[in-house]
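> Here's a sequence, model it:
(2 chains)
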Amino acid sequence: MTRFKILLAGTVAALAAATSAHAGRGTDGDAKILFWQAVSTLNPYLSGGTKEVYSSSMIIEPLARYDETGSLVPWLVTEIPTVQNGGVASDMKSITWKLKPGVKWSDGTDFTADDVVFTWQYCTAPDGGCAQKAQFEGITKVEAVDKQTVKVSFSEPKYYPYGAFVGAQQPIIQKAQFKDCVGAKAPGCTSANFGPIGTGPFVVKEFKPNDVITLTANTNFRDASKPAFASVTLKGGGDAASAARAVLETGEYDYAWNMQVEPEVLETMLKAGKGKLVNAFGTQVERININWTNPDPKLGDKRSTVEGGKHPALSDPAVRKALSMAIDRDIINEAGYGAAGKPTCNIVPAPDVYISTANDWCLKQDIAGANKLLDDAGWKKGPDGIRAKDGVKLSFLYQTSTNSVRQGTQALVKDWWNQIGVASELRNIAASVFFGGDPASPDTFQKFYADLEMYTNNFDGTDPEKYLTEWLCNKIPSPANGWQGQNMPRYCNPDYDKIVAELSKTGDLAKRAELVKKANDMLTAEGAHIPLIHRGQVSAISAKLEGVRMNAWDSELWNIADWSRKK
Amino acid sequence: MTDATATLAATPKTAETETPLALFWRRFRRHKGGVAGLVIFVAILAIVYIGPFIHTIDPNKIDIRAKNKGPSLLHPFGTDNLGHDMLAQVMAGGQISLAVGMTAMLLALFLGTLVGVMAGYFRRLDGPLMRLTDLFLALPLLPLLLVIIMLFRDTLRAAFGPETGIFILIVFVIGITSWMHTARIVRGDVLAVKSLEFITAAQSSGMREYRIVLKHILPNVLSSIMVSATLGIASAIITESALSFLGLGFPSDFPTWGRLLFDGANFLQITPSRVLWPGLAISLTVLSVNYMGDAVRDALDPRSMSR
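Numbers count the residues shown, from 1 in each chain, chains lettered A, B, ... in the order given. Just a heads-up that it's a prediction; the model follows:
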């Protein structure tokens, strides 16, 4: 019944809109969005998951965003600060943002520089467990010069100063709402985390964790004619294929995110003509993370932590390399991704200046070579065909989220590893649990209670500097930091830390590219992970939806204020 | 009621001319659905356990070049999107699904009968045991499964290896969550049987309680236990399918009928046979077992003896 009412309201609204030349705010009814990984919180500072970042981007916004070409656009500021316009100090040690005048929070109060300062304090508070802490690396001070001006100072010259407050991962949150939620109290502020007050085009009406979010147009939004949709319903859960079907074949939904579905299945759905696929290659890489620490359950609380010790088998570089050599990435791509992917050996797969070819040996499968490598390293095949050395068997637990493409990839990889005498046990965990970040669950990708785990990650924007800081020694998730670090492989190499530190001090683009390549090559060559596929971001959009500009550099929903119903 | 008592007491006498087994078989054959069910069930068992010796393709062999193929001589059920042979997968899946079904059923049956007989026979235990049964019935199954799997997965994996460990876990989980109906039915039957004269006679002759239960009570409630058993297999197979469907069951490279169905669902339009065969196998097994259960009940029902 309610659906019928919404439909009716939508139709009436659409009719009304059709008659007026300029569509006004809230004239296009309800936009229905599907995220097959359900959203568990609307505070991106408490969960690094893409789904949380994207869904919250409709509500809270950063100072500047990346558009679909990867260039910076001022969002809550009047212009992008540069050295030329005086926004960036000539010694590169500070950046000054000028806020747009007249921007209001959805509760009607003014958006001021204090809120920006508070956001920094919130994320860098001790014991806070902020998921985006890496983004505020190297910042000594964020201060409000006046109500409309924010100055960010760095400890050392920062040649890419657009890290903090740029991109969907670091939106500005309201000081008035979050002031009592700093530090260890952050996860407890349920009403704030589930319904942040923002400057964005939509306001949370109701949030059911891991289920559905209902949003209505923000009446205080800075552009009086936007958003065109009166409300947004973001439904979470289900699986990628049924989400694709709901948009492409039955037309029940307008937008479905992350179509990780076998290419042949999508093709049959597209024949219905109700929608289309949009694809953008950003920086997503499907990779297998290698656990450098010991995940043995016998270690109790110390499992998968640095204190628990090194991994008995995977600490051998030969094993890590052999695992990568045995994989035929072309076949994985053909079976699971098609046009939406290309094989890669890099963790930084774009933009073009950063693409390295140093590890391209991995593009070609080499079973014989992998076998020889393991033989030489002293891993001998036992009677069961599984290699072992000093009583340690090459038998691994390989986990990922539940998704048919991922399970297909697991099956293929298991088969190849079998051929080099490596046994693997496959495990798949529901995506909402795996990426949920719940510190009480043993099955999250942060805890990594397995030997290998596969998923996709990417970086916002076009500069990989802060992304590369994720592999620093001090970013290793552990019980001490609430499992919040991003260094899933528990990789730690002082040389790597040095390269990243140098990168932050380097301004020359060519030199930066060289350092990025060096860091990238190091990670793959040393086997922090096994990169598999450079994935395009594929989403399904209804034929009746207009204004979507598929963006791989920021939130896919970055311009939802401009979306409208096709008349 | 007195009628039933008379026939019950007379049971051993009519069996003098033919053995109880032969009598059972004669009665079972009268139920046409039951016979058809038996034939189909035996056929499924034969295909699943003997089939792999004839169709010798390894179910986990990947042949990516032969993906999404329809039925052919080489692959009678076609192949999936990674080039697995579907016939081999259905047979391998059947072995696991049937083993899980049978074992879980036996466990549930044992628990259910134990609780039911204890509750029915010993008045003092009746209240607590039946409240326990109610408690289990009221438990939300899915969160319980999640917790159990989370708590015991790693321990069992370490003790028995990944495959046996998860097998034990799943059988255990299904077993302890599906004994309640059996317990209720058995208790009701025991209460009815307990008040009959021959039990009083046995008690007054000084027979030990456990012997009364084993010799007099159990044989008389066997028919309802058998019916629960057949229904139990069916529901265990379905529960296992549901667990695999949710990704809580066996690892993804371990085919079971439920998982094959789950994986095939997306490919319904491309290769319908991926869904058809496992689906058919589950339905046929469940249906045939149900009919067999029906026939077993009829054959064992003391009240039908006089007819």
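
> Give me the pLDDT for residue A:358.
With respect to pLDDT, residue A:358 scores 88.

> wait, doesn't it sit right on residue A:521?
Yes: Residue A:358 is in contact with residue A:521 according to CB atoms under 8 Å; the separation is 4.3 Å. C-beta here means a position set from N, CA and C on the backbone, and glycine is covered the same way.

> ok, those two, which is more surrounded?
residue A:521 (18 against 14; other CB atoms under 10 Å in any protein chain shown).

> On the three-state scheme, the more buried one is what?
Counting by DSSP: H, G, I helix; E, B strand; the rest coil, the backbone at residue A:521 sits in helix.

> With the one 3 residues further on instead?
Using three-state DSSP, the three-state assignment for residue A:524 comes out as helix.

> Nearest spatial neighbour of it, chain-adjacent residues omitted?
Spatial nearest neighbour of residue A:524, excluding adjacent residues (CB to CB, 6 or more residues apart in numbering or on different chains): residue A:359 at 4.5 Å.

> and the gap between that neighbour and residue A:522?
10 Å (CB to CB, to the nearest Å).

> And residue A:354, by the same measure?
Using CB to CB, residue A:354 is found at 14 Å from residue A:522.

> now do residue A:481
Taking CB to CB, one finds residue A:481 at 24 Å from residue A:522.

> Give me the mean pLDDT for the longest strand along chain A.
When chain A is parsed with DSSP state E, its longest strand is strand A:275-290. For strand A:275-290, mean pLDDT is 91.

> Can you work out which other helices and strands pack against it?
Packing partners of strand A:275-290 (3 or more CB pairs under 8 Å, 6 or more residues apart in numbering or on different chains; DSSP states H and E): helix A:240-248, helix A:263-270, helix A:317-325, strand A:452-457, strand A:529-542.

> How far does the first one sit from its chain's centre?
Right, the one you point to is helix A:240-248. In this view, helix A:240-248 has its centroid 21 Å away from the chain centroid, taken as CA atoms, centre = their mean, to the nearest Å.

> Near chain A, which residues of chain B? Just list them.
B:60, B:62, B:64, B:67-68, B:81-82, B:84, B:150, B:154-155, B:157-158, B:162, B:246-247, B:251-253, B:263, B:265-267, B:269-270 (CB under 8 Å from any CB of the partner chain).

> Swap in 6 Å and give it another go.
Contact residues (CB under 6 Å from any CB of the partner chain) of chain B with chain A: B:62, B:64, B:81-82, B:154, B:162, B:247, B:251-253, B:266, B:269-270.

> any idea which of the residues you listed is closest to residue A:423?
The nearest member of the residues of chain B next to chain A to residue A:423, counting by CB to CB, is residue B:162 at 9.7 Å.

> Looks like the closest one contacts residue A:425 (just checking).
Yes: if you go by CB atoms under 6 Å, residue B:162 and residue A:425 touch, sitting 4.4 Å apart.

> Quote the end-to-end distance of stretch B:64-84.
8 Å (CA to CA, to the nearest Å).

> Tell me the buried residues in that stretch?
Neighbour counts over stretch B:64-84 (16 or more other CB atoms under 10 Å in any protein chain shown) mark B:64, B:66-69, B:75, B:77-84 as buried.

> Of those, which pair is most distant in space?
B:64 and B:77, at 17.9 Å, using CB to CB across the buried residues of stretch B:64-84.

> Distance of residue A:220 relative to chain B?
41 Å (CB to the nearest CB, to the nearest Å).

> nearest spatial neighbour of that residue, skipping sequence neighbours?
Nearest one to residue A:220, counting by CB to CB, 6+ apart, is residue A:104 at 4.4 Å.

> Likewise for residue B:65?
Distances taken as CB to CB, 6+ apart place residue B:83 nearest to residue B:65, at 6.7 Å, with adjacent residues excluded.

> Quick check: the one you found is in a strand.
No: looking at residue B:83 with three-state DSSP, it is coil, so not inside a strand.
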